[in-house]
Each structure stands twice: as structure tokens, then as C-alpha cells.
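*Asks:* fold the stuff below for me.
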Amino acid sequence: KFLPVRALACHDAVVRRQLTDHGTLDPASCSPMQQRATWTSRLRVCSHKRPKRTLRGSWTARARQNPLSEPLHLPVPASCVPRRSAPSNKLAAASAGSKDITMSVSELANKRHEELADVSNKHQTPQGPIQVPFRLLMGPGPTNAHPRILTAQALPLLGHMHPPFIKIMDEIKEGLRYMFQTESPYTLMISGTGHAGMEAAVANLLEPGEKIIVGVNGIWGERVSDLAERYRGDVIQLKTAPGGTFSIDELKAAVAEHKPAILFLVQGESSTGTHQALGGGLGEACHAAGTLLVVDTVASLGGVPLFADKWGIDCIYSGSQKCLSGPPGAAPFYMSQRAVDKLKSRKTKPATYNLDLNLIADYWGWFKPQRSYHHTGVVSTFYAMREALAIVGDEGLSAMWDRHLAAHEQLWQGLTELGLEPYVTNLTDRLVTVNTIKVPEGVDWAAVSADAMSEYSVEIAGGLGPSAGKVWRIGIMGAMNARPNAVQQVIQAFRYALAKQGWKGAAKAANGKTEL
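*Replies:* Predicted coordinates:
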């Protein structure tokens, strides 16, 4: 079965056995929680005992090309390993309430002139360890995270201004330069989801009264239009029917006519499953008009080609939980020198403190080596994204793009055999990473999704925005999901669920479900 999460449990067992054998962990004297803390603080993300392998070539060969190839490892001094020991006399006295050591909570409250009340236990939840079922997440995101990424999140926390954590941030910046294919030093992770990246782009590059052309062919263009209006921009919507995209000539003409401060486009529109072309001299046309080209790549970064420098893109944001196989909560972000010049020459402050890139940039070291505190970085999430970028580097972008395209073609071969049709009619407009499938007349789309989940633990999502109720959406994204076995599981789930409704195209379906 497709159960990559088991790798974590196996690795935990190996680490526990190794620590016990070396005398670091004494199961007889440690509580389960202390044992768990010891394992997670001492584990390496990949086993030292076996040579590491990647999709293409040996680990050692790839390591020379990718500075992030080594798994993230935070050593812990032996003195920090938790062990159960008898409390000291001083601690015992303190825990007994000795007044010469400490005062009670009520005494301190009295000194503050605060009135205490009886504690209510009415809402004393949650209780016990968390229980999470396994799902094969083949919707538009999040996707299944790579085990190495999940394990990295269990490493000990560092202070968000500590030098070892700053080093991890620097590695992330370098890995993003590879992802975006840029020589620009202005890359970072926004602490937040793709929406935070979206708002950071608009809030920092658009001043009140400036024009912004927004390409609208799905929900994300509508969202950016809303955002730009909230930041008092002059929004000009360029619309096309859902399932369609904009020609380069059409975009160039709009820029020449309106000369906006920003042209905004979505490379991968996940609500309709379309791929917007960005080459053909569009960037040069924008620069000639004094326009910044801003691109949403939340559903496409890592799954399809992207060349920030070659295509003249000025600002890009993305998400962590799709093709990068990470957890939600970080937004890869890039700016060109032209975009940074616009940021530094604003007539007004950005109308946001939390997403002010003048301040966030100093936390990430864009303009000076010494870091300045702006907010507490999402430490464990940045561990995960450092690992995600390392995994991308191990595979290589070209191989990653090839793998996503092969999985996309495999999916459509299987769906076509079932008699299903694409929502996006033009082949070149179809997004590789988020595929939209027309719901046939007479088929209950929600029942198909429910059967796929209940019988196969596979997520098949419905439409969003203009495609709601009209399509299913299948995500072919990331290190775990853009794989033949995952795609085959989706096809089989469709076959079973459609046959259950008597769909004629599913006549080839096997009786019952097939386990892979």
C-alpha cells in the first residue's frame, strides 16, 4: 500500500534501538515522554548505516552539486538528554511550597491586587495524544509530506535569532535562488501560507492610486483584485473564461495601453486547472512600460518550468505545501532588483506591519549582514522547508519537472480510458500539477469523492470558485504524490466510485477495490 508515513515509525524504532544499545537511553528509568524527547532530539533525518540514494545518481555525486544535500542535524549536548533522577532537596522544598523559596500563586496575586477565581475544567480539552488518520492527499493541496521533512520538524527548537538558525535561513535563501532560477539575492520565506505571500507582494509593491492589471481566469485573480482594492489600488481586470488563459500579445497590448505599476498573473490557476505562459518577451514589455511583473506560483513552483531572470519576472510568491512537499505555513518569495528599488523608493509606508518587507528583509539579511528582529520565525516549519529544498536539489529541477509531467500524462491516460474529459480543452493551457476533470452528466461528484475517501483513503477534491460543482480536481504534486503508484491509486478510486454509480465508462472496473 501507499503508506510512506510508516517510514517515520520505522526510523523511530531504529533510533530508539541505537540509543539504547549505546547507553544513551535507559528505557527502565525514562518515562515514555522522556524517551520520545530523547529520540527526537538525537535522531538524524536519514540513517547513517546505509548509503543514501536519490532518484538520479548516487548520493555522493549529488552532494557535490547540492550544498543542502546533508540532512539537517542539530546536535544536542549529552547534558541535555532527559533522564529521570531524584529531585534535589531545593526542588523538593520548592515543590512542597516552602515559603522561604517561593510564594504561592494566590499570594502573588494579592500583591498585584488581582482577584482569583476557581478554575473551571469545563473546557479542559484536548486530552491524550493526538490521533491522525493516513490520507493520500491527491487534491489541490496540501500534499503528503516527505518523511524526511516530517522528521526534521521533530528536531529541537532553536531561538529565531540564534546563529545556527540564521545559518538555516541562509541555506533556505540559497535553495530558493535555485527554485526560482535567479541570481537575485532577494529571496526569503514569508512566515505564513501562500495568501501571506500574495498580500506581501501587493502591499509592498502597490501604492495608493497606482494601476494594477490583474489577469482573472479563476479565483486567485479575484482574490488579488480584492486585495489591491483594500490597499487602494486602481484595479483593472483582464478577464477570460474559466478554463482559458491569456495570449502574450493580449497581455503586451494591455500593458502598453494602461502602463500600470503592476501586471499580476497566476502561472498555475488551481481553481480551473490552467497554466499561464509567461515567456515570449512579456517581461521586457513590462519593463519598457515601467511595469513590474508579479506572478503567483503557489500551485506550480517545482512542478513546471520557471525562470525568473530569463523571463524578466519581478516578484514571485508560492506555497510550501504543494510541489515542495512541505507543511503549510511558509511562502517562498522572490524580488528582482527592480522590485526592491520600488520597495525602497515608496512615497508611503506599506499599510501593513506584519508583512512590511523593509522590516522582514532585515530579519533575512537582504540589505546588511546583521539581522534585526521583526517577528518570531516559524522555526520548525523553516526546518521542514530547508529539507524540502535539499530534496529538490538532490533530484534536480529538470528531473522534477519531467516526473510531474509523466505523472500528469499517466493520470490522463487512465481517466480517458474511463471516458472522462478534461475541463481545459486546449492541451497547452492545461496545468500539469492541478488537473480539472469534467463531471459527467448524471454523476454525483460529491459521492465519487466520498467513496474515494471511505474506500481508498484518497482525496479527490471538487471544484472551487468558477469550477465549483463542475469538476473534480486532482493534484499531481510533490515528492510523494507525483509518483506512478499514487496516480494509479487515484485512477482505481475513480473506477470503483464511478462503477458504483453505474457510469458507462467504468465498465472495465474490477469487482470491488484493488489494493496496490
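
*Asks:* tally of neighbours for Pro185?
*Replies:* Using other C-beta atoms under 10 Å, Pro185 has 15 neighbouring residues. Placement of C-beta: from N, CA and C, glycine included.

*Asks:* in a strand, it, correct?
*Replies:* No: counting by DSSP: H, G, I helix; E, B strand; the rest coil, Pro185 is not part of a strand but coil.

*Asks:* residue contacts, it?
*Replies:* 173, 177, 366 (C-beta atoms under 8 Å, 6 or more residues apart in numbering).

*Asks:* could you list every helix and strand in contact with whichever strand or helix holds the second one?
*Replies:* Okay, so that is Arg177. For Arg177, the enclosing helix or strand under DSSP states H and E is helix 163-180. Packing partners of helix 163-180 (3 or more C-beta pairs under 8 Å, 6 or more residues apart in numbering; DSSP states H and E): strand 187-191, strand 330-335, helix 379-395.

*Asks:* want to throw these into TSV with mean pLDDT, distance to Cys315 and mean neighbour count?
*Replies:* Shown next, in TSV, are these (pLDDT from 0 to 100; distance: least, C-beta to C-beta, whole Å; neighbours: other C-beta atoms under 10 Å):
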stretch	mean pLDDT	distance to Cys315	mean neighbour count
strand 187-191	97	11	24
strand 330-335	98	5	28
helix 379-395	97	19	24
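
*Asks:* figure out which of those is closest to Thr245.
*Replies:* strand 330-335 (22.2 Å; C-beta to C-beta).

*Asks:* which elements pack onto that closest one?
*Replies:* Short answer (3+ C-beta pairs under 8 Å, 6+ apart): strand 330-335 packs on helix 163-180, strand 187-191, helix 194-205, strand 315-317, helix 379-395.

*Asks:* for the record, mean pLDDT for the longest one?
*Replies:* Translated: helix 163-180. Helix 163-180 shows a mean pLDDT of 97.

*Asks:* with just CA atoms, put that helix into CSV.
*Replies:* Extracted in CSV, the C-alpha atoms of helix 163-180 (Å, rounded to 0.1, in the frame of the first residue of the first chain):
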residue,chain,number,x,y,z
PRO,A,163,23.4,31.8,14.8
PRO,A,164,22.6,28.1,13.9
PHE,A,165,19.1,29.1,12.9
ILE,A,166,20.4,32.1,10.9
LYS,A,167,22.6,29.6,9.0
ILE,A,168,19.4,27.6,8.2
MET,A,169,17.7,30.7,6.9
ASP,A,170,20.7,31.4,4.7
GLU,A,171,20.5,27.9,3.3
ILE,A,172,16.8,28.5,2.6
LYS,A,173,17.6,31.7,0.7
GLU,A,174,20.2,29.9,-1.5
GLY,A,175,17.8,27.0,-2.1
LEU,A,176,15.1,29.4,-3.3
ARG,A,177,17.5,31.0,-5.7
TYR,A,178,17.7,27.6,-7.3
MET,A,179,14.0,27.1,-7.3
PHE,A,180,13.3,30.5,-8.9
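
*Asks:* now the longest helix that the chain contains: how far from the chain's centre is it?
*Replies:* The residue-count maximum for a helix in the chain (DSSP state H) belongs to helix 397-417. Taking the mean of its C-alpha atoms, helix 397-417 sits 21 Å from the chain's own mean (C-alpha atoms, centre = their mean, to the nearest Å).

*Asks:* just the CA trace of that helix, in PDB.
*Replies:* Output of helix 397-417 as PDB, limited to C-alpha atoms (Å, rounded to 0.1, in the frame of the first residue of the first chain):
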ATOM      1  CA  LEU A 397      14.700  20.700 -11.200                       C
ATOM      2  CA  SER A 398      14.800  19.200 -14.700                       C
ATOM      3  CA  ALA A 399      14.200  15.700 -13.400                       C
ATOM      4  CA  MET A 400      11.500  17.100 -11.000                       C
ATOM      5  CA  TRP A 401       9.600  18.700 -13.900                       C
ATOM      6  CA  ASP A 402       9.900  15.600 -16.000                       C
ATOM      7  CA  ARG A 403       8.500  13.400 -13.200                       C
ATOM      8  CA  HIS A 404       5.500  15.700 -12.700                       C
ATOM      9  CA  LEU A 405       4.700  15.700 -16.400                       C
ATOM     10  CA  ALA A 406       5.000  11.900 -16.600                       C
ATOM     11  CA  ALA A 407       2.500  11.600 -13.700                       C
ATOM     12  CA  HIS A 408       0.200  14.100 -15.400                       C
ATOM     13  CA  GLU A 409       0.200  12.000 -18.600                       C
ATOM     14  CA  GLN A 410      -0.300   8.800 -16.700                       C
ATOM     15  CA  LEU A 411      -3.300  10.300 -14.900                       C
ATOM     16  CA  TRP A 412      -5.000  11.400 -18.200                       C
ATOM     17  CA  GLN A 413      -4.300   8.100 -19.900                       C
ATOM     18  CA  GLY A 414      -6.200   6.300 -17.100                       C
ATOM     19  CA  LEU A 415      -9.000   8.900 -16.900                       C
ATOM     20  CA  THR A 416      -9.500   8.800 -20.700                       C
ATOM     21  CA  GLU A 417      -9.900   5.100 -20.600                       C
END
